[in-house]
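*Asks:* Sharing a sequence plus its predicted fold:
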Amino acid sequence: MNKALFLDRDGVINKDINYLFKIKDFIFIDGIFELCKHYQNLGYIIIIVTNQSGIDRGYYSKSDFDILTKWMIEEFKRNDIEIKKVYFCPHHPDIYGECNCRKPKPGMIFQAQKEFDIDLKNSIIVGDKEKDIEAGINAGLKEWYLFNEKSIILKSKAKKIVIKLEDIYSANIK
């Protein structure tokens, strides 16, 4: 079985710009490559799980999302990081209705578990919103970290609230 590092996209991998779909607007968060390398070196596979309701809302197309995603994965490859897969939920509950993939539901995580034989009890999620943490809890993951770069979130179900991505693993390597 594999252990996985699950990452939200907007707000963890890149600066959260509402309904981001253009490469020119994509800015990587400081420390994301180091975080991924650390866990990849420990044998974790890296998987992205992201809500993308902008597709359902008509702000951008699935094709726009695919172009940006392909570019992002290439940027990770340039940094010697393999993203195993990007799972996304294109739905908005007011348009599509209820679905099992939109976080905080764990559908994307369960889909990855089946596809990559993931040991959820030894896997981790990093998100910037409570719904990311709740998806990790709902899936039975081992650890949940809330990335709070702007220090505006004071309370969370997360194991730890961090303002720098390196704070997730730095305590474990000292």
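*Replies:* Now that the structure is in, tell me what you want to look at. Residues are numbered from 1 along each chain as shown.
*Asks:* burial measure for Glu130, as a count.
*Replies:* When neighbours are counted by other CB atoms under 10 Å, Glu130 registers 17. The way it works is simple: take the backbone N, C-alpha and C, and place the C-beta from them, glycine included.
*Asks:* where does the chain dip in pLDDT?
*Replies:* Across the chain, the ranges flagged by pLDDT under 70 are 171-174.
*Asks:* Do a quick rundown of the helices in it.
*Replies:* 32-41, 54-57, 62-78, 107-116, 130-139, 166-173 (DSSP state H).
*Asks:* Save those helices as JSON lines, and put in distance to Glu149 too.
*Replies:* Supplementary listing: these in JSON lines, determined by distance: least, CB to CB, whole Å:
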{"stretch": "helix 32-41", "distance to Glu149": "11"}
{"stretch": "helix 54-57", "distance to Glu149": "21"}
{"stretch": "helix 62-78", "distance to Glu149": "19"}
{"stretch": "helix 107-116", "distance to Glu149": "23"}
{"stretch": "helix 130-139", "distance to Glu149": "14"}
{"stretch": "helix 166-173", "distance to Glu149": "11"}
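*Asks:* my guess is Phe6 meets Leu120, correct?
*Replies:* No: here Phe6 lies out of contact with Leu120, judged by CB atoms under 8 Å, at a distance of 9.6 Å.
*Asks:* who has more neighbours, those two?
*Replies:* Comparing Phe6 with Leu120 by neighbour count (other CB under 10 Å), the higher total belongs to Phe6, at 28 against 20.
*Asks:* Tell me who's in contact with the nearest residue to Leu165 once chain neighbours are set aside.
*Replies:* Closest residue in space to Leu165, ignoring its immediate chain neighbours: Gly31 at 3.6 Å, by CB to CB, 6 or more residues apart in numbering. By CB atoms under 8 Å, 6 or more residues apart in numbering, the residues touching Gly31 are Lys164, Leu165, Glu166.
*Asks:* could those go into TSV alongside distance to Phe21?
*Replies:* TSV is the format used below for these (distance: CB to CB, whole Å):
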residue	distance to Phe21
Lys164	27
Leu165	23
Glu166	28
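*Asks:* and of these, the nearest to Ile55?
*Replies:* In terms of CB to CB, no member of these lies closer to Ile55 than Leu165, at 26.8 Å.
*Asks:* need the contact list for the closest one.
*Replies:* By CB under 8 Å, 6+ apart, the residues touching Leu165 are Val12, Ile29, Asp30, Gly31, Ile32, Glu34, Leu35, Val126, Phe147.
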